[in-house]
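1. have a look; sequence and predicted model below, questions after that.
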Amino acid sequence: MRLNAVLYVSYVNIQCVDLYGTEHFLFYLIMVTLSICSPKSILVTLLVLSMYALLVITFIYNLHVRGEKPLKTLLTSNEAKLKENFTANAFKMKLVAHISEIQPPFVFHGHFHFVDFSKYGSTTPIYINLIRDPIDRFVSAYYFTRFGDGRNRTWGFKGTKSDKFRTLDECVLSNYSECTNSNKLLYTIPYFCGQTRGCRGSSYTSLRRAINNVVNNYLAVGVLEDVNSFIKVLERLLPAFFKEAYMEAVKIGNSSQRMSTITKNKRSLSAKARSVLRRRLHLEYRFYNFVKEKFGKLKKHLRIT
C-alpha cells in the first residue's frame, strides 16, 4: 500500500484535513474540525501536535494558511469584492480546486466551515471532528481574549480597562452585549452546518443541517471532555494516519507545552450565571448532547473504554 496523505487542518477557532489512499484505489479526504475554543486550546496542543509528529515520520509536507481571509486571495479582484464571500460559490469552487490540484503528501490548515466537496466534482470528504462543552468553550474564550495564555497570545481584546476586567459572571448576569448578542456568542453549529446563509448563526435550521452533516458526512465526532477516547477511536478507524497517536498525545500532555496553553486569570462561573448562559446556548447543547451520545455509541461499538 502506498500512503498519499494530505492533512487539511481547519480550526473553528478552530478547525484539521487528511488525504490518503492506495495506488489502485480512490483517495480519501479527511476534514478534522476542532470545534473547541481557540487556537491556543489544550486540545490543539494534544491532538494537532501529535498528528504533526506522525506526519514528520511519513515525510508529509506542511502548508499553513492562517484563517479564511488568506484563501480569499485565490479569488480575482472582482470576486473578492462580493459582499457574500461567506456564501459565494466562487470562493468554495476556488478552495476545492486549490486543494485538489496540490500533489499529496502535504498538510493544509486554516479556518473553514463545512464544505461539500462532492458538489464541485472533487473527492467526497470523510470528516472527523472534536467539539467542546459550549459553556466551557465560552468561558475559556472570554478570558483568553482578555488575558491570553502562557505564551502571551490573545485574540487582541478591544475595549476599556473596565471591560477587560469585567468577570464573565457580571457580563452574563448584567446582560452585556458580549454575553447576549447572538453575533458575539460562540457557536459550534455553524461550522458543521456549512457556508450557506442559513448557517451563519445558531438556529433550528442550522442545527438540523449540522446534525445531518454529522450523520452523513463525518466518520467520527468526539468531545474534548473525552479526548483520550477520541484519539483511540482515530487509531482504530484510521490506523494508517493515527497509529500510536495516543502515546504521542500522552507525551505532549506531560510536557511544559501543555501548561503554556492554559488561559490566564480564568474564573469559575457561578451556578446562576451558568444557568442563564446555558439557556442562551440551548441549541448548542442540543447539538453537543447529540454528538456526545453518538460518540458514546461509536466507542461501545469499537469496545473502547
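-> In hand now; what should we look at? Numbers count the residues shown, from 1 in each chain.
2. can you count the residues close to K164?
-> For K164, the number of neighbouring residues by other Cβ atoms under 10 Å comes to 12. All C-beta atoms are positioned from the backbone trio N, CA, C, and that covers glycine.
3. was I right about it contacting F157?
-> Yes - the pair K164 / F157 is scored as a contact, 5.8 Å apart, by Cβ atoms under 8 Å.
4. shared neighbours of these two, which are they?
-> R146 (Cβ atoms under 8 Å, 6 or more residues apart in numbering).
5. please list all residues in contact with E178.
-> Contacts of E178 by Cβ under 8 Å, 6+ apart are 142, 171, 184.
6. you'd agree the last one is up against S177?
-> Yes - at 6.4 Å, K184 and S177 qualify as touching, with contact defined as Cβ under 8 Å.
7. got phi/psi on V223?
-> In terms of degrees, to the nearest 10, the main-chain angles of V223 are phi -120, psi 140.
8. hang on, I189 packs against N213?
-> No - the pair I189 / N213 is not scored as a contact, 10.2 Å apart, by Cβ under 8 Å.
9. sec struct for L219, please.
-> Of the three states, L219 takes strand under DSSP: H, G, I helix; E, B strand; the rest coil.
10. was I right about it contacting Y127?
-> Yes - in this structure, L219 is within contact of Y127 by Cβ under 8 Å, at 6.6 Å.
11. count of residues packed around E244?
-> 13.
12. how about L302, nearest residue that isn't a chain neighbour?
-> R236 (5.3 Å; Cβ to Cβ, 6 or more residues apart in numbering).
13. okay, now that neighbour: neighbour count?
-> Residues lying near R236 (other Cβ under 10 Å) number 16.
14. equivalent analysis for N181, please.
-> N181 has 10 nearby residues by other Cβ under 10 Å.
15. gap between it and L238?
-> Distance, N181 to L238, using Cβ to Cβ, to the nearest Å: 39 Å.
16. when L219 and Y127 are compared, which one has more neighbours?
-> Y127 (24 against 18).
17. quick one on the thing from earlier: more crowded one of I189 and N213?
-> Legend: neighbour count by other Cβ under 10 Å for I189 and N213, higher for I189 (26 against 20).
18. for the residue nearest to F295 when sequence neighbours are not counted, pull up the helix or strand it's in.
-> Once flanking residues are discounted, F295 sits nearest to G222: 5.2 Å by Cβ to Cβ, 6+ apart. G222 belongs to strand 218-223 when assigned by DSSP states H and E.
19. tell me which helix or strand comes right after that strand.
-> Next along from strand 218-223, by DSSP H and E: helix 227-237.
20. quick check: buried residues in that following helix?
-> 227, 229-237 (16 or more other Cβ atoms under 10 Å).
21. which stretches in this structure count as strands?
-> 6-11, 18-20, 28-35, 61-64, 106-110, 125-131, 218-223 (DSSP state E).
22. and those strands, which one's lowest on average pLDDT?
-> If you rank the strands of the chain by mean pLDDT, strand 18-20 sits at the bottom with a mean of 31.
23. quick one on the thing from earlier: which of the buried residues of helix 227-237 sits closest to C199?
-> F230 (24.2 Å; Cβ to Cβ).
24. next one, pLDDT for A90 please.
-> pLDDT, A90: 71.
25. can you check S260 too?
-> For S260, the predicted pLDDT is 55.
26. check G159 too.
-> 85.
27. next, count neighbours for it.
-> 12.
28. need the phi and psi values for it.
-> Dihedral angles (degrees, to the nearest 10) for G159: phi 170, psi 180.
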